[in-house]
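Visitor: Structure of the sequence below:
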Amino acid sequence: TTLAVPYDAFADKITAAVPRGKGPDIFIYAQDRLGGWIEAGKTVEPIDFFLDKATKDRFIPTTMEAMTYRGTVYGLPLNYKVITLIYNKKLLPTPPKTSKELVAVAKKLTDKNSGRFGLAYSYSDFYYHAALQNAFGGRVFDPGPKPVLNNPENVKALELLMRWLTQDGILPAEPSTALITSLFNGGKAAMVFSGPWFLGEIAKGVDYGLATLPTIDEAGGKPMRPWMTVEGVYVTSPSANKDAAYDFAKYLTDTPQAKVMAVEGRQTPANKAVYSDPAVAGDAILSAFRKQVEVAVPMPNLPEMTMVWSPATTAMNKIVKKAATPKAAMDEAQQSVERDVAALRKK
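Guide: Just a heads-up that it's a prediction; the model follows:
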């Protein structure tokens, strides 16, 4: 019997129902809540016992990394999402490969008087900004896990973002989702950094292409490395049918099912072999995301990550509105996360 559950309520239902033995045998969700569920106990079953090398090897390695917490595997990766470069072919026949090329071409395509911009993306959203941060070797945690939001690499990435916004002037102010979509569909944004969810928003008449995010000259030519979110298939701890549940997870993530997801569902499966199938290999969109994922970084699945979003968002907003320097804003965010993490560990 299918039951529609709003996405935001789904994770809370898992948290409340599964440990009490009231939930399903198996569920699918992104890795960002994984650490919290594992630390809470009685929610997600470790699957190392079931997992053989052949099954492990069927996946893009970083998607398996996303399913791993403190050295133990807790799920099989089903599909992944990353942001990439989406561009208007009419305005920009060849996408830029480096940050210098990006800025040069974006400046030519920017005319603030007529509301045109070379580049538009949710740069004040920490999730989107992470691609630039990771190029510099930035991060949220050091091993421990120890929060390090104010590390020098994070600050350098923010300084470059501010150069794009202020000196180069290639980005719109206060970029809401609606504004980015409107600019791109109206031919007033040549490039957007976004994910597969954006493709459904593109108007029918717009001839667009996808390309990997540029390398960053200011970071020694390193690639922009977006965060990857991976939806995993998990067996629940209280399940009375663990063997059958694992077999179903294995079936769901196998190549024939991955092909259905890719071709009919327009998803990007974590299964490697499916990208060699002619029906998938010949698809420019799926191939572009597959290429981008090679340099993507699994978003942290630590329980402490839930405490990062609010201070990081506050910091990003202060920085882009010039209410604080990147260093000062990230120092403040760091202190806030440290306080929250210390309180969590006391519990």
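Visitor: Can you check which helix is longest in the protein?
Guide: Assignment by DSSP state H gives helix 326-346 as the longest helix of the chain.
Visitor: what residues does that helix touch?
Guide: Helix 326-346 is contacted by residues 147-150, 154-155, 158-159, 162, 303-304, 307-308, 310-312, 314-316, 318-319, 323-324 when judged by C-beta atoms under 8 Å, 6 or more residues apart in numbering. The C-beta positions use only the backbone N, C-alpha and C, and glycine is treated the same way.
Visitor: swap in stretch 128-143?
Guide: By C-beta under 8 Å, 6+ apart, the residues outside stretch 128-143 that reach it are 83, 121-123, 147-149, 151, 153-154, 156-158, 160-161, 193-194, 213, 215-216, 218-219, 222-227, 297, 299-300, 302, 304-305, 308, 312, 316.
Visitor: Buried members of those into ChimeraX, please.
Guide: In ChimeraX, this line selects whichever of the contacts of stretch 128-143 come out buried by 16 or more other C-beta atoms under 10 Å:
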select :83,121,122,123,147,148,149,151,153,154,156,157,158,160,161,193,194,213,215,216,218,219,223,224,225,226,227,297,299,300,302,304,305,308,312,316
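Visitor: still on that earlier bit, which members of the contacts of helix 326-346 are positioned in strands?
Guide: Using DSSP state E to define strands, the subset of these located there is residue 147.
Visitor: Could I get the buried residue list for stretch 42-52?
Guide: For stretch 42-52, by 16+ other C-beta under 10 Å, it's 43-45, 47, 50-51.
Visitor: Which two of these have the greatest separation?
Guide: 43 and 51 (18.6 Å; C-beta to C-beta).
Visitor: Just list the residues touching residue 109, thanks.
Guide: Counting by C-beta under 8 Å, 6+ apart, residue 109 touches 91-92, 116-118, 190.
Visitor: so how far is residue 46 from it?
Guide: 51 Å (C-beta to C-beta, to the nearest Å).
Visitor: same check, this time on residue 138
Guide: As judged by C-beta to C-beta, residue 138 and residue 46 stand 31 Å apart.
Visitor: my guess is residue 245 meets residue 26, correct?
Guide: Yes: Residue 245 lies in contact with residue 26 (C-beta atoms under 8 Å); the separation is 4.6 Å.
Visitor: Could you tell me which residues touch both of the two?
Guide: Counting by C-beta under 8 Å, 6+ apart, the common neighbours of residue 245 and residue 26 are 235-236, 239.
Visitor: and the closest residue to residue 95 other than its chain neighbours, how many neighbours?
Guide: Nearest in space to residue 95, with sequence neighbours left out and distances taken as C-beta to C-beta, 6 or more residues apart in numbering, is residue 211 at 4.0 Å. Residues lying near residue 211 (other C-beta atoms under 10 Å) number 18.
Visitor: can you tell me which residues contact residue 211?
Guide: If you count contacts by C-beta under 8 Å, 6+ apart, then residue 211 has 84-85, 87, 95, 288 around it.
Visitor: at 10 Å instead, please
Guide: Contact analysis of residue 211 by C-beta atoms under 10 Å, 6 or more residues apart in numbering lists 84-87, 92, 94-97, 191, 288, 291-292.
Visitor: ok, now residue 265?
Guide: 79, 258-259.
Visitor: got a pLDDT number for it?
Guide: If you check residue 265, the pLDDT there is 94.
Visitor: name the element it belongs to?
Guide: Counting by DSSP states H and E, there is no helix or strand that carries residue 265.
Visitor: Which strands border the longest strand belonging to the chain, and is each parallel or antiparallel?
Guide: Longest strand of the chain, by residue count under DSSP E: strand 227-235. Sheet pairing for strand 227-235, assigned by DSSP bridges, gives strand 26-30 (antiparallel), strand 76-81 (antiparallel), strand 297-298 (parallel).
Visitor: Deepest in the core, which of these is it.
Guide: With neighbours taken as mean count of other C-beta atoms under 10 Å, the strands paired with strand 227-235 reach their highest mean count in strand 76-81, at a mean of 25.
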